[in-house]
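Asks: Mind looking at a prediction? Sequence and model below.
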Amino acid sequence: MWHPTIKDELSENEFRTLTIGETPLIIGRTSKGYFAVRDRCSHQALPLSDADGISGRIFRGLFECPHHGAKFDPHTGQARGLPAVKPIETFEVKVEEGTVWVKLG
Ligand code: FES
């Protein structure tokens with residue numbers, strides 16, 4: 001089911017967090033466009049977006065976890081930097097009528 005999330009106004013390397021139902025999400029943008037991932041690192045199941053006020057970040061197309069520095073391709077979910085080796089969960093996204101939509105379930 002598709003859900004409307006944020007306005008199509010993020011710049012490259014920006015992201016927002018939100019929760020739909022019980023699913024914490026990161027919606028962000030790289031040079032490849034928008035992505036949506038579950039806000040949960042595959043290393044220790046901590047939030048990717050925040051570590052006690054230190055924000056996660058998008059750098060060179062990868063999302064970097066602020067806890068221990070694991071890196072992920074946010075479009076495919078693949079782990080691209082230790083200590084994570086498992087992927088994170090990704091969701092389909094689309095932009096329609098100025099809104100970013102995410103498909104859950
Ligand atoms: S919880 Fe993300 S790198 Fe450890």
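Replies: Received, thanks. Numbers count the residues shown, from 1 in each chain.
Asks: So for Gly105, what's the pLDDT?
Replies: Looking at Gly105, its pLDDT is 81.
Asks: wait, what's in contact with it?
Replies: Met1 (C-beta atoms under 8 Å, 6 or more residues apart in numbering). No exception for glycine: its C-beta is placed from N, CA and C like everyone else's.
Asks: could you check the distance from it over to the ligand?
Replies: According to C-beta to the nearest ligand atom, to the nearest Å, Gly105 stands 25 Å off from the ligand.
Asks: Check which helices and strands whichever strand or helix holds Thr5 is in contact with.
Replies: Using DSSP states H and E, Thr5 sits in strand 2-7. If contacts are counted by 3 or more C-beta pairs under 8 Å, 6 or more residues apart in numbering; DSSP states H and E, strand 2-7 sits against strand 15-20, strand 23-30, strand 99-103.
Asks: closest to the ligand out of those strands?
Replies: strand 23-30 (12.7 Å; C-beta to the nearest ligand atom).
Asks: by contact count, what packs against the very next helix or strand once past that closest one?
Replies: Using DSSP H and E, the helix or strand that directly follows strand 23-30 along the chain is strand 33-38. Contacts defined by 3+ C-beta pairs under 8 Å, 6+ apart place strand 33-38 against strand 23-30, strand 90-96, strand 99-103.
Asks: taking those together, which one is wrapped up most tightly?
Replies: Across those, averaging neighbours per residue (mean count of other C-beta atoms under 10 Å) puts strand 23-30 on top, at a mean of 22.
Asks: Report whether that one contacts the ligand.
Replies: No: judged by C-beta under 6 Å from any ligand atom, strand 23-30 stays clear of the ligand, getting no closer than 12.7 Å.
Asks: ok, residues contacting that strand?
Replies: 5-6, 10-19, 34-40, 47-49, 56, 58, 61, 63, 74-75, 91, 93, 100, 102, 104.
Asks: Centre of the chain to that strand, how far?
Replies: 3 Å (C-alpha atoms, centre = their mean, to the nearest Å).
Asks: ditto for stretch 33-40
Replies: Computed by C-alpha atoms, centre = their mean, the chain-centroid distance of stretch 33-40 equals 3 Å.
Asks: Appreciated, that's everything.
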